[in-house]
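>>> This is a predicted model, with the sequence first.
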Amino acid sequence: MGLRSRILAVAFPAILLSYLLFWAGRGLASPFFPDDMMNLYTAWDRPVWRLFLDLISVWNNDYRALGAILYRIVYEAFGLHPFPYRLLCFGLLILNVWLVYRLALALSGNEYGAWGTALVFAYHPYLSDIYMSTATIYDVACFATFWGAVLVYCHRPSHWGVVGLGLLAMGSKEIALSLPVVLVGLDVVLGRRPAWKIVGGVTAIGLTMAAAKVAAMGRGTVVSEYVPEFSIGTLVRGWEHYWGMLLYERWSQPVLVNGIVLAGLVGIVLVKRAGWARLAAFAFLAIPLPVLLIAPRSFYVYYLPYAAWAMLWGSLAGRFRTPGLALVLVILSLLNWRHRPWAEQWIAQDNWKVTRMVEEFGRLKPIRAGERILVMDDSIPSDDWILLTTLRLARGDRELQVWRIRQLGPPEEKDWDRRVDFKDWRLREIGNDANRNHRP
């Protein structure tokens, strides 16, 4: 290793980490969002043994078990304090950047290209959910286990750890069902015979989980937004939606642009001389197919295939060595500065709600375990259970009762420990049947 390479090996990781923390670091101080309460309550409401059993019971379609386990571990250790959850998420984010670097290096053998790939991948403003919300821990954990499986398979195709990582990936997010296809694509690019026992094991897990999904759709237990629609129109709509954000635009690209890009990616896949870039182009096209078939969502659902996109452009920057990396750093920083305000507009809508509930109701000292609270009026949507889940989690009390008249109508019971009003997200205690002299 030459002197310049040694300097790069020391300096660039520090530059990369600084770059990530500069643009995404405020996510470390991010509070809980409403989705966190739903996810965390689901994990907390199940016995610990059930969480781990569900992870290996691949026919179980109830929820994403790996993310639930991570939520539960942090909750049991730290309770309802957001910072430890953010530390876990950022630890996984840093791990994912390292995985992308190692995979790009293993495939291309070009260290500059690998660092360029890691730089492109490290931050994208329209992936703001990934950096700001703990609710995307499913996507972050799925990425680590999915690309971890690909990296292990690249070096040791007969290693059964690939199957284990595949199980974890699919137990974190459904998009990981594409893993066996990517593994076979890697074998094609490397010109070797697939390790069919390993690929078969991963495929068996994927098919079982897919069958469970289909069965759940038949029973009508899957939210309509997640039911796929198999049509060319749906694919085109999804591609245009995500492609616009990928290219730092807030609107869909013209059909001609989409056609040119698709043709270019398919061309890279088909041309053998394209080398390992064929895998990146193929993975970028294949991985998001399950996402393209459902209702469009935020760009965070493209976090997994975004690694393949980063490999394509990072390898190109690596051809120009240090000047190329410096140029990419400048261009990306300018794009981030321009687009981050737009990409983070959603944060102000929800980032205060959980904190407000915990603070307001925290003024009420619990009267007893299983306390019964009657909410006379509130500003929460009638179909939302966030108040109940948040208060149970905050107190660690599974028996706490919260009856919202706006949601459930007037109760038949007359005896309530507390009567409160939560209009405009501000708490006012109206009465206390258990102790009339009690005050918060």
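Great, that's in hand. Numbers count the residues shown, from 1 in each chain.

>>> pLDDT score assigned to the most centrally placed residue in the chain?
Nearest to the geometric centre of the chain sits residue 139, at 2.5 Å (C-alpha atoms, centre = their mean). Turning to residue 139, the model gives it a pLDDT of 97.

>>> OK, contacts around it?
Neighbour list for residue 139: 130, 172, 173, 300, 301, 303, 304 [criterion: C-beta atoms under 8 Å, 6 or more residues apart in numbering]. (C-beta placed from N, C-alpha, C; glycine too.)

>>> Let's see that with 6 Å instead.
Residues near residue 139 by C-beta atoms under 6 Å, 6 or more residues apart in numbering: 173, 300, 303.

>>> Which residue comes closest to the last one once chain neighbours are left out?
Same thing as residue 303. Spatial nearest neighbour of residue 303, excluding adjacent residues (C-beta to C-beta, 6 or more residues apart in numbering): residue 139 at 4.9 Å.

>>> export the helix or strand containing the one you found as CSV, just CAs?
In this structure, residue 139 is located in helix 137-155 according to DSSP states H and E. Written as CSV, here are the backbone C-alpha positions of helix 137-155 (Å, rounded to 0.1, in the frame of the first residue of the first chain):
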residue,chain,number,x,y,z
ILE,A,137,-35.5,0.9,12.2
TYR,A,138,-37.1,-1.9,10.2
ASP,A,139,-35.5,-0.5,7.0
VAL,A,140,-32.2,0.2,8.6
ALA,A,141,-31.9,-3.3,10.2
CYS,A,142,-33.1,-4.9,7.0
PHE,A,143,-30.4,-3.2,5.1
ALA,A,144,-27.7,-4.4,7.5
THR,A,145,-28.8,-8.0,7.3
PHE,A,146,-29.6,-8.0,3.6
TRP,A,147,-26.3,-6.5,2.3
GLY,A,148,-24.5,-8.4,5.1
ALA,A,149,-25.8,-11.6,3.6
VAL,A,150,-24.7,-10.5,0.1
LEU,A,151,-21.2,-9.6,1.4
VAL,A,152,-20.8,-13.0,3.2
TYR,A,153,-22.0,-14.8,0.1
CYS,A,154,-19.5,-12.9,-2.1
HIS,A,155,-16.6,-14.2,0.0
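
>>> In stretch 385-405, which residues are buried?
Neighbour-count burial for stretch 385-405 flags 386-395, 400-404 (criterion: 16 or more other C-beta atoms under 10 Å).

>>> What pLDDT does the model give the nearest residue to residue 230 once chain neighbours are set aside?
Counting by C-beta to C-beta, 6+ apart, the nearest residue to residue 230 once its immediate chain neighbours are dropped is residue 293, at 6.3 Å. Per-residue confidence at residue 293 stands at 87 (pLDDT).

>>> I figured residue 293 was touching residue 228, is that so?
Yes - with contact defined as C-beta atoms under 6 Å, residue 293 counts as touching residue 228 (3.7 Å).

>>> Residue 430 - how many residues pack around it?
Using other C-beta atoms under 10 Å, residue 430 is surrounded by 12 other residues.

>>> Please list all residues in contact with it.
Applying C-beta under 6 Å, 6+ apart to residue 430 gives the contacts 419, 421.

>>> Now it: which helix or strand?
Judged by DSSP H and E, residue 430 forms part of strand 428-431.

>>> Give the partner strands of that strand in its sheet and their orientations.
Applying DSSP bridges, strand 428-431 is found paired with strand 418-422 (antiparallel).

>>> can you give me how far the partner strand is from the chain middle?
With C-alpha atoms, centre = their mean, to the nearest Å as the basis, strand 418-422 stands 36 Å off its chain's centre.

>>> Give the buried residues for it.
Within strand 418-422, the residues scored as buried using 16+ other C-beta under 10 Å are 418, 419, 420, 422.

>>> could you check the distance from the first one over to residue 380?
Separation of residue 418 from residue 380 (C-beta to C-beta, to the nearest Å) stands at 17 Å.

>>> Which elements pack onto the worst-scoring helix or strand of the chain on mean pLDDT?
When the helices and strands of the chain are scored by mean pLDDT, DSSP states H and E, helix 255-270 comes last with a mean of 78. Helices and strands touching helix 255-270, by 3 or more C-beta pairs under 6 Å, 6 or more residues apart in numbering; DSSP states H and E, are helix 277-286.

>>> Measure how the helix it packs on sits relative to helix 137-155, angle-wise.
150 degrees (axes from the mean of the first three to the mean of the last three C-alpha atoms, to 10 degrees).

>>> Mind listing residues that contact helix 277-286?
For helix 277-286, the external contacting residues (C-beta under 6 Å, 6+ apart) are 178, 181-182, 185-186, 189, 265, 268-269, 305, 308-309, 311-312.

>>> got a winner among those for most neighbours?
Of all the contacts of helix 277-286, residue 311 has the most neighbours under the rule other C-beta under 10 Å, reaching 29 neighbours.

>>> circling back to that earlier point, turn the contacts of residue 139 into JSON lines, including secondary structure, distance to residue 121 and neighbour count.
Converted to JSON lines, these look like this (DSSP: H, G, I helix; E, B strand; the rest coil; distance: C-beta to C-beta, whole Å; neighbours: other C-beta atoms under 10 Å):
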{"residue": "173", "secondary structure": "coil", "distance to residue 121": "18", "neighbour count": "25"}
{"residue": "300", "secondary structure": "helix", "distance to residue 121": "14", "neighbour count": "23"}
{"residue": "303", "secondary structure": "helix", "distance to residue 121": "10", "neighbour count": "22"}
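
>>> Which one of those residues is nearest to residue 358?
Here the nearest of the contacts of residue 139 to residue 358, counting by C-beta to C-beta, is residue 300; it sits at 24.9 Å.

>>> State the distance from the closest one to residue 140.
9 Å.

>>> Check residue 276 too.
25 Å.

>>> and the two? which has more neighbours close in?
When residue 276 and residue 140 are compared for neighbours, residue 140 comes out ahead with 26 against 20, by other C-beta under 10 Å.

>>> Next, find the distance separating that one from residue 408.
36 Å.

>>> repeat for residue 326
In this structure, residue 326 lies at 60 Å from residue 408, with C-beta to C-beta as the measure.

>>> Counting by contacts, list what the lengthiest helix in the chain packs against.
When the chain is parsed with DSSP state H, its longest helix is helix 82-108. Judged by 3+ C-beta pairs under 6 Å, 6+ apart, helix 82-108 is in contact with helix 65-78, helix 111-122, helix 137-155, helix 303-318.

>>> Compile those into CSV and extend it with columns for distance to residue 164.
Converted to CSV, the helices and strands packed on helix 82-108 look like this (distance: least, C-beta to C-beta, whole Å):
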stretch, distance to residue 164
helix 65-78, 12
helix 111-122, 24
helix 137-155, 8
helix 303-318, 18
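
>>> Please work out which of those is packed deepest.
Of all those, helix 111-122 carries the top mean neighbour count, a mean of 26, counting by mean count of other C-beta atoms under 10 Å.
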